[in-house]
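Colleague: What would the 3D arrangement of this be:
(4 chains)
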Protein chains: 2
Amino acid sequence: MAGSAFDMNRAEETAQSPKRLAIVDAATKLFLSQGFGAVSVDAIAAKAQVSKPTVYSHFENKEALFSGVMTGVCERAGGQEACPLANEEAARYMPMNELLQKTGEHVLGVITSPEAIEIFRVVIGEAERFPQLGRNFFEFGPASILEMIGGYISKKSNSGELVVDDPAKAAHYLVGMMVFPVQMGLACGARDPVSKDEISEIVADALKTFMKIYAPR
Amino acid sequence: MAGSAFDMNRAEETAQSPKRLAIVDAATKLFLSQGFGAVSVDAIAAKAQVSKPTVYSHFENKEALFSGVMTGVCERAGGQEACPLANEEAARYMPMNELLQKTGEHVLGVITSPEAIEIFRVVIGEAERFPQLGRNFFEFGPASILEMIGGYISKKSNSGELVVDDPAKAAHYLVGMMVFPVQMGLACGARDPVSKDEISEIVADALKTFMKIYAPR
DNA sequence: GTCTATAAAGGGATAGAC
DNA sequence: GTCTATCCCTTTATAGAC
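Modeller: Residues are numbered from 1 along each chain as shown, chains lettered A, B, ... in the order given. Take a look at the predicted model:
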């Protein structure tokens, strides 16, 4: 019908070709769950309900498809918008301890989510073959988190609420205390997923320790 | 010659078949540098200067070869014997700060070595397909390190040199401060290798912070 | 145990019709 | 852009001689 063709054109305008989206979607799920080598282009085409040449009409080869998919995934995975620290009003008026607690819970929640662990595994596992992907992940992930928290710590040091001579290092200590060894255990499949309650407890403990180091006395 | 046949028999007795060793050696290097999927049995046979059926006469299939190789690598990689804390005399008589510094330098040196990063990448990348490998790595790696340091901290808490209510947590804070984000940066290929001097500095800083938290006042 | 040779399957990628 | 059909190569794994 003419109607459906019209809809298709609309879809292409707003969100590119629907088949391309189906390919990207299928490739994302397969690559994240099995890595680069274990996934065939046949499998991607089948899952996207598309033929193999259609895949190759949108992406030059398997590597390009993988790179494209994973780059997008890394950039979206941070969830920076939802982080309490990203809200300027909150960052100014919420009590420091509460804001750091909420930020820690957000960060740890993102990092320990099953999706993030899948991304972590694939990126680390393929960092040799796709060096740019590893660097990209590091920038959008850990580096970005550290920068955000370091900036806040720096402000609080200037205002006298904390006594810190190296805000970047303080941020890395705080994050290090929170994520180690939980992230490692998850990535190794050596522990069960982390519950909300456990996350709150981990963050509260780390924060208490953090304050022992940096609170003015 | 009869002599060489005799040597071969000797070698088999002391260290199994030399061809098997060549296979394991070649497979180790290839798997660690390229992961499971990117390495073919042909490549392993060629590097070991052996024919493919010889590989299959020693290992049931590629998975078994990979598992065997990686398990051995993980168990040997800890280098527990060389750790200052493993020396009971040193652990008793060396001053605490010096011993923790040396232990930290050893641990961080092992963890950030190119070989360890290779192992880390491969294990994490294949943890989905080889779950036992991931758990094995975690036990022989991070868990073992934490246990060792936690035990020492516990002793020093009993003797009054430290004030610690949860030695395991204190150990994980200390190690977390040391390894994050260095290990992550290396695994992502987002930073250069760590020099001896830098390791000493990282450990010294973390230790200073650790003492701020746990030293008796 | 070790080789040469080969089977059997699956992989990435493309030609050509529509 | 999309499909059917296919090419060609590599891969894992084995048969059979020595």
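
Colleague: quick one: contacts for A:Ile199?
Modeller: Residues in contact with A:Ile199 (Cβ atoms under 8 Å, 6 or more residues apart in numbering or on different chains) are A:Glu105, A:Leu108, A:Gly109, A:Thr112. C-betas here are computed from N, CA, C, even on glycine.

Colleague: what's the closest of those to A:Ala64?
Modeller: A:Thr112 (30.7 Å; Cβ to Cβ).

Colleague: what number of residues lie near the closest one?
Modeller: When neighbours are counted by other Cβ atoms under 10 Å in any protein chain shown, A:Thr112 registers 24.

Colleague: With the one 10 residues further on instead?
Modeller: By the other Cβ under 10 Å criterion, the neighbourhood of A:Val122 contains 27 residues.

Colleague: does it sit in a helix, a strand or a coil?
Modeller: Classification of A:Val122 by DSSP: H, G, I helix; E, B strand; the rest coil places it in helix.

Colleague: The one 5 residues further on now?
Modeller: Using three-state DSSP, the structure places A:Ala127 in coil.

Colleague: Of the contacts of A:Ile199, just the buried ones, ChimeraX syntax please.
Modeller: Selection of the buried residues among these in ChimeraX, burial being defined by 16 or more other Cβ atoms under 10 Å in any protein chain shown:
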select /A:105,108,109,112
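
Colleague: Among the contacts of A:Ile199, which pair sits farthest apart?
Modeller: A:Glu105 and A:Thr112 (10.7 Å).

Colleague: C-terminal to whichever strand or helix holds A:Val69, what's the next element?
Modeller: For A:Val69, the host element (DSSP states H and E) is helix A:62-77. Using DSSP H and E, the helix or strand that follows helix A:62-77 towards the C-terminus is helix A:88-93.

Colleague: Show me the domain layout of chain A.
Modeller: Domain segmentation of chain A under automatic domain parsing yields A:1-59, A:82-214.

Colleague: between the ones you listed, which one is nearest to B:Ile119?
Modeller: Taking the domains of chain A one by one with Cβ to Cβ, domain A:82-214 is closest: 11.5 Å.

Colleague: Average pLDDT for that closest one, rounded please.
Modeller: Confidence over domain A:82-214 (mean pLDDT, whole number) is 97.

Colleague: That one near DNA strand C at all?
Modeller: No. Contact of domain A:82-214 with DNA strand C is not found when judged by Cβ under 7 Å from any atom of the strand; the minimum separation is 13.3 Å.

Colleague: follow-up on the earlier one: residues in contact with the helix holding A:Val69: which ones?
Modeller: The contact list for helix A:62-77, computed with Cβ under 8 Å, 6+ apart, reads A:23-24, A:27-28, A:31-32, A:36, A:41, A:44, A:55, A:59, A:110, A:115-116, A:119, A:122-123, A:126, A:130, A:132-133, A:136-137, A:140-141.

Colleague: Show me which of the residues you listed are buried.
Modeller: A:23-24, A:27-28, A:31-32, A:36, A:41, A:44, A:55, A:59, A:110, A:116, A:119, A:122-123, A:126, A:130, A:133, A:136-137, A:140-141.

Colleague: Keep only those that also lie close to chain B.
Modeller: A:Phe36, A:Val122, A:Val123, A:Glu126, A:Phe137 (Cβ under 8 Å from any Cβ of the partner chain).

Colleague: which one of the residues you listed sits closest to DNA strand C?
Modeller: Nearest to DNA strand C among those: A:Phe36, at 8.5 Å, using Cβ to the nearest atom of the strand.
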